[in-house]
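Predicted structure and sequence below. I'll ask about it afterward.
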Amino acid sequence: MNNSIFKDPALLEEIDRYARIKVVPRDSVLMEAGLDIVFVPIVQKGALRIVRENDEGREIFLYHLYPGQTCAMAINCCQAGKKSMVKAIAEDDTEVLQIPVKMVEEWLRFPEWKIFINSTYSNRFAELLEVIDLIAFSNMDKQLMHYLSERTKALGTNTLSITHQQIADELHTHREAISRLLRTMEEKGLVSLSRNTINVLSPVM
């Protein structure tokens, strides 16, 4: 595997034997909430947006996965034999390494894999705490700023092709509130708005 984050030859041999590369087109869904998890993705190129979806189909943004990262939620669900609790969406054209769920436990015999899994839990937990803090203790304007910052970082561009309704859905709020906050941000010179497009003019975090 080229440009691997792993160095152990024995582990790399196992990865080459069992894992598969999948290219996920931009805005396509890689994992659906409520479905069985048959693989754990490790991002190779691009980025995945992880969102939580309730029974009514409403979503809330959790975090992004970048090259060399995997989803703690997917690992936890497959280890517990549960269905997926999150949706994974390709932020841009994204390449992932699909690890069969049965290998996640088996490869814990490799110290490098065990460290990778433990650090994944630690890093994603810290990101979830940040999201919880934003929801519980911050005003919606800070949540929106965080969201725009994360999306522009993931895409590598300051221009987002997105509707106010899409943002509202992922921030679990009303479109009118998002539109009002975006207009305020535009007045402050933080963004410029056009139809279904937001251009971030200066750092929002």
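That came in fine, so what should we check first?

and the end-to-end length of stretch 160-169?
With CA to CA, to the nearest Å as the measure, the ends of stretch 160-169 fall 16 Å from one another.

I'd say E14 and R109 touch.
No. Counting by CB atoms under 8 Å, R109 is not a contact partner of E14; they are 9.9 Å apart. Every C-beta, even on glycine, is put in place using the N, C-alpha and C of the backbone.

Mind checking which of the two has more residues around it?
Here E14 and R109 are set side by side on neighbour count (other CB atoms under 10 Å), and the busier one is E14, at 19 against 11.

which non-adjacent residue is nearest the more buried one?
Spatial nearest neighbour of E14, excluding adjacent residues (CB to CB, 6 or more residues apart in numbering): W107 at 6.4 Å.

Isn't the one you found up against V101?
No. Between W107 and V101 there is no contact, the gap being 11.2 Å when judged by CB under 8 Å.

shared neighbours of those two, anything?
Counting by CB atoms under 8 Å, 6 or more residues apart in numbering, W107 and V101 have no common neighbour.

Show me which of those two is the more surrounded one.
Regarding W107 and V101, a neighbour count based on other CB under 10 Å identifies W107 as having more, with 21 against 18.

Next up, the contacts around the more buried one.
Residues in contact with W107 (CB under 8 Å, 6+ apart) are L11, E14, W113.

List just the nearest of the residues you listed to L160.
W113 (35.6 Å; CB to CB).

I'd like the next helix or strand past whichever strand or helix holds the closest one.
When elements are defined using DSSP states H and E, W113 is found to belong to helix 111-137. Tracing the chain past helix 111-137, the next element assigned as helix or strand by DSSP H and E is helix 140-155.
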